[in-house]
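> here is a sequence with its predicted model. Questions after.
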Amino acid sequence: MSTEYPGGFGKTTLAKMLYNVKAVEAHFDKRIWVYVSANFDAETVAKAILESFNQYTSGSTLSHMLVEINTHTKGKKFLLVLDDVWEDS
């Protein structure tokens, strides 16, 4: 699911409210919140996801990080929120 509205509409506030609902928390094996921002890259996002599992190792390649993410999420229900994603026109 994604929400696309200009800044200031309360998208992050709404997402945080839903993220913290006890039923949502109980439904997922893992919940991950990643603040992306306008200058994101795949390595930064992958690092943030691994940090949520306390599994990031400095100097890891993107390929290695993606394998690790797969290891920690395979067969599990997880909620991944990517906050403040920007799209270039």
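Noted; the coordinates are in hand. Residues are numbered from 1 along each chain as shown.
> okay, now Ala46: neighbour count?
By other C-beta atoms under 10 Å, 21 other residues sit near Ala46. C-beta coordinates here come from the backbone N, C-alpha and C atoms, glycine included.
> sketch out the low-pLDDT regions of the chain for me.
Scanning the chain with the threshold set as pLDDT under 70 gives 88-89.
> swap in 80 and give it another go.
Low-confidence segments of the chain, defined by pLDDT under 80: 1-9, 38, 55-57, 86-89.
> which other helices and strands contact the host helix or strand of Ala46?
When secondary structure is defined by DSSP states H and E, Ala46 falls within helix 42-52. If contacts are counted by 3 or more C-beta pairs under 8 Å, 6 or more residues apart in numbering; DSSP states H and E, helix 42-52 sits against strand 30-37, helix 62-73.
> what angle do the first one and helix 62-73 make?
Pointing back at strand 30-37 there. Orientation note: strand 30-37 sits at an angle of 150 degrees relative to helix 62-73 (axes from the mean of the first three to the mean of the last three C-alpha atoms, to 10 degrees).
> please determine how far Ser60 is located from Arg31.
For Ser60, the distance to Arg31 under the criterion C-beta to C-beta, to the nearest Å works out to 23 Å.
> same question for Thr57.
Separation of Thr57 from Arg31 (C-beta to C-beta) stands at 22 Å.
> name the residue in these two with the higher neighbour count.
Arg31 (16 against 10).
> what residues are up against the more buried one?
Under the criterion of C-beta atoms under 8 Å, 6 or more residues apart in numbering, the contact list for Arg31 reads Tyr19, Val24, Glu25, Phe78, Leu79, Val81.
> so the nearest residue to the third one once chain neighbours are set aside bridges to which residues?
Of all residues beyond its chain neighbours, the one nearest Glu25 is Arg31 (6.6 Å), with distances taken as C-beta to C-beta, 6 or more residues apart in numbering. Here Arg31 sits in beta bridges with Leu79, going by DSSP bridges.
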